[in-house]
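K.L.:
Fold the following for me, if possible:
(one chain, ligands or ions: 1)
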Amino acid sequence: MSSGTIEAGISSSLFLRTLKGEKTERPPLWLMRQAGRYLPEYRAVRAKAGSFLDLCYNPDLATEVTLQPIRRFGFDAAILFSDILVIPHALGQNVTFAEGEGPRLPPLMISPALNELKSELDLDLLAPIFQTIRQLKSELPSHIPLIGFCGAPWTVASYMIAGKGTPDQAPIRLLAYREPVFLKALIDRLVDSSISYLCQQAAAGVDTIQIFESFAGALPPHLFGQWSLEPLRRIVAGVRALYPDIPVIIFARGAGAQTAQLADGFIQAVGLDWMSDPIAMDRLLPANVPVQGNLDPLALIAGGEALERRCTAIREAFATRPHIFNLGHGILPETPIAHVERLVELIQGGN
Ligand code: CP3
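P.N.:
Just a heads-up that it's a prediction; the model follows:
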C-alpha cells in the first residue's frame, strides 16, 4: 500500500493506525469527556433527559451526545457516552449524580455489604448502552472509530467504598491495609464484571477500549502492582480471550513512574495525565509504545500563547513515537469553545 493512497473506512483511521504503533503524519486528536457540559448542545439534551443515568441509558440521547463533539469539531475518535459508575449500578448499588456535586453512592464499608451486591453484573440493565453502541456504529462516519470504556477496579471500588470522589480516596486505601481480604473480594467481582461488560461492548462494535484508572494516584507505589496493575492485567487477558485484536488504552492518573509498568506490552497505549512531564515520560517509556495525552485542561481554558506553547512542547516531546493528542484529564465545563476550535486547528490543521 503506497503512502499516498487514500483509503476509505476504518482502516484509514489515524487513531487506530497510531494504536498499531505507526507514526502518522499528524497526531490523531480526541478529548477525554469531549461530550459534556462545555457544549451548549449537550446541556440542552441533558436538561430534557431527566437524571444523568437516564441519559446514559437512553440510546437515542446517548447516541446524540456522543456525536455532538464529532460534528462540531471533527475529532478523530468518538467515545461512547456513559459513565464508569454504571458497573456499581448494575451490581445493585444505588448511584446518583447530585447536581454540581458529582456521584453519590451508599458507602460500602464492611464485608457483609458485599452480599447485598449482585454476584454478577446485571447485563439487562446495561442493554441500552450496547444498543447505543450499535446505533453509533451505524451513524458515525465510517473512518471515525468508537472508543468503549470502563473504570479500573481500584478506581470504581474507591467510589463504592467512599461513596463519592475525594482528593486522595483515603477510605479505600485504609481498607487495603486493614481488610485486604474484603477488598480483594470486591476487586475480583469488579474484574469479572468489567470483562463481561467490555466483551459486550466489543460484541456491539466498539473499535477500541480505554480503561480509566483515575485514582492511580491514591495508591502508594508498593500497592500499585497488587491493586491496580494485576486486576488490569486480568481484565485485558479476559477480554483478549474473546477479542484478541481489540486495542486497549489505559489512562492511569497520578501513576507517575509506575506508568512504565503499564507499558510492557500487555496493552497498546498508555494515557498520560497533565502532571506528567512529556520529556521525562518519553525517556521513561520504551521507544515504540504509543502514548496519549497530555495537555493540561487548564491550558485549554487559558488559550492563547499558553495553549500554543504547550501543544508544541507536547508534540515535540513525542515527535519520534506514536502519539494520540489528548488532554491530561477530562475537559472542564468552563472551557471556551473557541479554544477547542483553536486546538483542533493547531493539531489537525498542520500549523
Ligand atoms: O469522555 C466522554 O465524553 C464520555 C463520557 C464519560 C463520562 N464520564 C461522562 C460524564 C466518561 C468516559 C466518563 C468517565 C468517568 N466518570 C471517570 C473517569 C475519567 C475521569 O474523569 O477521571 C470518572 C472518575 C467518572 C465518575 C464521574 N462521573 C464523576 C467524578 C462525575 C462528576 C464530574 C462532573 O464533572 O460533574 C461524573 C459525571 C459525568 N460523567 C458527567 C459527564 C458528562 C457530568 C454530569 C452531568 O452532565 O450532569
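K.L.:
show me where pLDDT drops low in this protein?
P.N.:
1-8, 350-351 (pLDDT under 70).
K.L.:
In it, which residue sits closest to the ligand?
P.N.:
Ser214 (3.1 Å; Cβ to the nearest ligand atom). (Glycine included, C-beta is placed from N, CA and C.)
K.L.:
so what's that residue up against?
P.N.:
By Cβ atoms under 8 Å, 6 or more residues apart in numbering, the contact set of Ser214 is 84, 151-152, 155, 251, 253.
K.L.:
Would you mind giving those as a markdown table with secondary structure and neighbour count added?
P.N.:
Supplementary listing: those in a markdown table, determined by DSSP: H, G, I helix; E, B strand; the rest coil; neighbours: other Cβ atoms under 10 Å:
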| residue | secondary structure | neighbour count |
| --- | --- | --- |
| Ile84 | coil | 18 |
| Gly151 | strand | 23 |
| Ala152 | coil | 28 |
| Thr155 | helix | 27 |
| Phe251 | strand | 27 |
| Arg253 | coil | 22 |
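K.L.:
Using JSON lines, lay out those together with distance to the ligand.
P.N.:
Converted to JSON lines, those look like this (distance: Cβ to the nearest ligand atom, whole Å):
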{"residue": "Ile84", "distance to the ligand": "4"}
{"residue": "Gly151", "distance to the ligand": "6"}
{"residue": "Ala152", "distance to the ligand": "9"}
{"residue": "Thr155", "distance to the ligand": "6"}
{"residue": "Phe251", "distance to the ligand": "7"}
{"residue": "Arg253", "distance to the ligand": "6"}
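K.L.:
Which one of those residues is nearest to Asp124?
P.N.:
Ranking these by separation from Asp124, with Cβ to Cβ as the measure, puts Ile84 on top at 19.5 Å.
K.L.:
quick one: contacts for the spatially closest residue to the closest one that is not a sequence neighbour?
P.N.:
Nearest non-adjacent residue to Ile84, counting by Cβ to Cβ, 6 or more residues apart in numbering: Gly151, 3.0 Å away. Taking Cβ under 8 Å, 6+ apart as the criterion, Gly151 is in contact with 84-85, 87, 194, 211-214.
K.L.:
Repeat that for Ile235.
P.N.:
150, 152-153, 191, 194-195, 198, 211.
K.L.:
Tell me which of those residues fall in helices.
P.N.:
Judged by DSSP state H, the subset of these located in helices is 153, 191, 194-195, 198.
K.L.:
Quick one: the strands in the stretch 201-350 of the chain, in order.
P.N.:
Assigned by DSSP state E, counting those that start in this stretch, the strands in the stretch 201-350 of the chain fall at 208-213, 248-252, 269-271, 291-295, 323-327.
K.L.:
Same list (those) but as CSV, adding distance to Leu117.
P.N.:
As requested, the strands of the stretch 201-350 of the chain are arranged in CSV below (distance: least, Cβ to Cβ, whole Å):
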stretch, distance to Leu117
strand 208-213, 21
strand 248-252, 25
strand 269-271, 29
strand 291-295, 32
strand 323-327, 33
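K.L.:
ok, residues contacting stretch 63-77?
P.N.:
Residues from elsewhere that reach stretch 63-77, judged by Cβ under 8 Å, 6+ apart: 13-15, 28-31, 34-35, 39, 41-42, 45-46, 55, 78-81, 132, 135-136, 139-141, 144-147, 208, 337, 340-341, 344, 348.
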